[in-house]
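S.K.: the following block contains a protein sequence and its predicted model.
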Amino acid sequence: MADNGTRRGFLGAAAAGAGTLFLSGCQGLSETQWFPKVLDSAEGLTKRIQRLFAGSWSMAPEYSKADLSPVFKANGTLNPGTTMYNMAASNDFRDWKIPVTGLVAHPVTLSLDDLRAFPSRTQITRHDCVEGWSCIGEWTGAPLRLILDKAHALPNARYVVFYCADPMSDNGDYYYESLDLVEACHPQTILAYEMNGAPLTIPHGAPVRLRCERQLGYKHAKYVERIELVESFAHIAGGKGGYWEDQGYTWWAGI
Amino acid sequence: MEKRLETDLGARLKAARTAAVGAWQSYLARRRERMAHRELFYRHTGTVRTLHWVNALCLLVMLMSGLQIFNAHPALYWGQFSNFDHPFIALVGEEDNSGRVVKGVTQIGHWRFNTTGVLGASNEQGQLTARGFPAWATLPGPQWLAMGRLWHFFFAWIFVINGLAFAAYALIRRHAQRDLFPTRTDIRHLGHEIAQHIRLRFPKGEAAKRYNALQKIAYFTVIFVLGPLVVLTGLTMSPTMDSVFPGLLWVFGGRQSARTIHFLCAFSFLGFFIIHIVMVVLSGTWNNLRSMITGWYAIEPDEEETSHG
């Protein structure tokens, strides 16, 4: 019995030791330069397989008005608060203009009226935050595809980059995001100017935010003030294609 | 003088060698005796052993990185969206008037439990911090959602490929049909086996060569029910997969329900793991470990069987 006792004690101690070793090992690996890159190799596989199934056509589920969330949580920046933004807001964003530049044959600059002049799309969709929660809201906006058609993307354009008006630190970095052309031209990808039947409020990204319904919430850039078509985003900010991507989140936000 | 020293040393060496050889021989004799009474049985093939340990590593990493992801929003809901005022389960860190975290609360429906130090609020770098699960249970330890997701989705691929490999192997080689699927006889003996297990009496002799009903039900459920369920509820949380298979949302009752079921699956795995380890220890730690490392499992003779036989 005593022998059994020491044996159990030894097993317990061994398990505890192995546990501690495992935890500190994983922590150490997480902080290396190379190991997160190994882990991130799964991102490309996930993207490829999900794209194989989803293609350019699969539609995010759309809901009815009865399914709308009573409270739609606003996350991230709730008010850009810059002088420029405050001025624009005080003027009901009448002078808000979104230049579409970069690898396009016909650069255009869109006012809110220009956006409203496009055939609009209204969709009731579920917003899935990377943190795990979901809210259902109704969005109305101009399909991005029509805007890209108008600007006429050049053959070497691969990504659409969205520059936003909200500063993320005192160092001059602003929120930004990017989509590839498949996601950008998806029928449910819109530049939304209305939410739940009313103009976008400031916490939800007034005057214009991106909706790309097959992707997680951080892709849905708010306060969009400039759009650029590029061949690569390696030269932009941290080079990972988005503000949160630069903080270590995956560029592919389909899961 | 030198000559005498040499013989002295020689004699001592000889004596030591004789003693060592004697000890070794008596050890071998005892071992032979032990071996004569037990039967070594090749229980697990190399494929099963490899897949078992890969799976064990995956489950450990996925559970801990899953808790890290859960901590980003430590509340569970039922339905399509999050009804923030009425979570199904929530781990909350409560603050005093100065904004200092003072209490960890676990909410299940209307019930509230004080779980300070473990759930809702626990120590992070010496300070009571609002966090769902404590740092020792999450991977990585500190709040780091992006890194938790990298671990989770890398090992998810290995878990799925490993699981599919096992299912294919087990079905093609008839390991599943022969050893894992519960039979009618198994179900009939269930009551008897539960009684035996409660008395911690485990099968010996021939009966130890195959899984008993409880083992079969446990392994079958974990491998062929819990495994697919945890993967499918995981996929239901993916907005891209929902656009491809909206039926998943219908089956699980919405993305937030799927997240809740995913969480319950994870804790079912944990429950299985704890019982699994306890049974391994109770029914012979080293013998079980050896059989899952080398394949060989020692079977003690069934006293009743031999005396009656």
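M.R.: Yep, that arrived.
S.K.: in space, what's closest to the residue nearest the centre of chain B - neighbours in sequence excluded?
M.R.: By CA atoms, centre = their mean, chain B has its centre lying nearest to B:Phe273, at 3.1 Å. Nearest non-adjacent residue to B:Phe273, counting by CB to CB, 6 or more residues apart in numbering or on different chains: B:Leu59, 7.0 Å away. Where C-beta positions appear, they are placed from N, C-alpha and C, glycine not excepted.
S.K.: ok, A:Leu68 - contacts?
M.R.: A:Leu68 is in contact with A:124, A:136-138, A:196, counting by CB atoms under 8 Å, 6 or more residues apart in numbering or on different chains.
S.K.: among the residues you listed, which are in reach of chain B?
M.R.: Under the cut-off given by CB under 8 Å from any CB of the partner chain, chain B has A:Ile136 from those close to it.
S.K.: most neighbours among the contacts of A:Leu68, which one?
M.R.: Counting neighbours by other CB atoms under 10 Å in any protein chain shown, A:Ile136 leads these with 25 neighbours.
S.K.: and B:Ala90, helix, strand or coil?
M.R.: Put simply, B:Ala90 is strand when judged by DSSP: H, G, I helix; E, B strand; the rest coil.
S.K.: how about it, what does it touch?
M.R.: Listed by CB under 8 Å, 6+ apart, the contact set of B:Ala90 reads B:74-76, B:106-107.
S.K.: in strands, which of the residues you listed appear?
M.R.: B:75-76, B:106-107 (DSSP state E).
S.K.: ok, back up a step: next one: the residue nearest to B:Phe273 from B:Ile275, what distance?
M.R.: B:Leu59 sits 14 Å away from B:Ile275, going by CB to CB, to the nearest Å.
S.K.: cool, B:Asp242 as well?
M.R.: 34 Å.
S.K.: also B:Ala218?
M.R.: For B:Ala218, the distance to B:Ile275 (CB to CB) stands at 7 Å.
S.K.: look at these two and report which has more neighbours.
M.R.: More crowded of B:Ala218 and B:Ile275, by other CB under 10 Å: B:Ala218, with 18 against 12.
S.K.: would you list the phi and psi of the residue nearest to B:Phe273?
M.R.: phi -60, psi -40 (degrees, to the nearest 10).
S.K.: wait, it sits on B:Ser268?
M.R.: No. Applying CB atoms under 8 Å as the test, B:Leu59 and B:Ser268 come out as separate, 11.3 Å apart.
S.K.: which of these two has more neighbours?
M.R.: Shown here are B:Leu59 and B:Ser268; by other CB under 10 Å, B:Leu59 has more neighbours (21 against 16).
S.K.: now do the contacts for the closest residue to A:Ile98 other than its chain neighbours.
M.R.: Counting by CB to CB, 6+ apart, the nearest residue to A:Ile98 once its immediate chain neighbours are dropped is A:Leu110, at 4.7 Å. With contact taken as CB under 8 Å, 6+ apart, A:Leu110 is in contact with A:97-100, A:147.
S.K.: can you list which of those are found in helices?
M.R.: The helices, defined by DSSP state H, take in A:Ile147 from those.
S.K.: from the contacts of A:Leu110, list the buried ones, please.
M.R.: Buried members of the contacts of A:Leu110, scored by 16 or more other CB atoms under 10 Å in any protein chain shown, are A:98, A:100, A:147.
S.K.: mutual contacts of B:Ala218 and B:Ile275, please.
M.R.: Between them, B:Ala218 and B:Ile275 share no contacting residue under CB under 8 Å, 6+ apart.
S.K.: what about the strands in chain B?
M.R.: Chain-ordered strands for chain B, with DSSP E as the definition, fall at B:39-42, B:75-76, B:89-95, B:101-108, B:111-114, B:120-124, B:127-131, B:296-299.
S.K.: distance to B:Thr183 for those - can I get that in TSV?
M.R.: Converted to TSV, the strands of chain B look like this (distance: least, CB to CB, whole Å):
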stretch	distance to B:Thr183
strand B:39-42	21
strand B:75-76	37
strand B:89-95	38
strand B:101-108	38
strand B:111-114	42
strand B:120-124	46
strand B:127-131	47
strand B:296-299	21
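S.K.: reformat the ones you listed into CSV and put mean pLDDT next to each item.
M.R.: Shown next, in CSV, are the strands of chain B (pLDDT from 0 to 100):
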stretch, mean pLDDT
strand B:39-42, 86
strand B:75-76, 97
strand B:89-95, 95
strand B:101-108, 95
strand B:111-114, 96
strand B:120-124, 94
strand B:127-131, 94
strand B:296-299, 89
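S.K.: out of those, the one nearest B:Ala176 is which?
M.R.: Closest approach to B:Ala176 among the strands of chain B (CB to CB): strand B:39-42, 18.3 Å.
S.K.: give the buried residues for stretch B:201-215.
M.R.: Across stretch B:201-215, burial judged by 16+ other CB under 10 Å covers B:203, B:205, B:208, B:211-215.
S.K.: try stretch B:95-110
M.R.: For stretch B:95-110, a neighbour-count test (16+ other CB under 10 Å) marks B:101, B:103-107 as buried.
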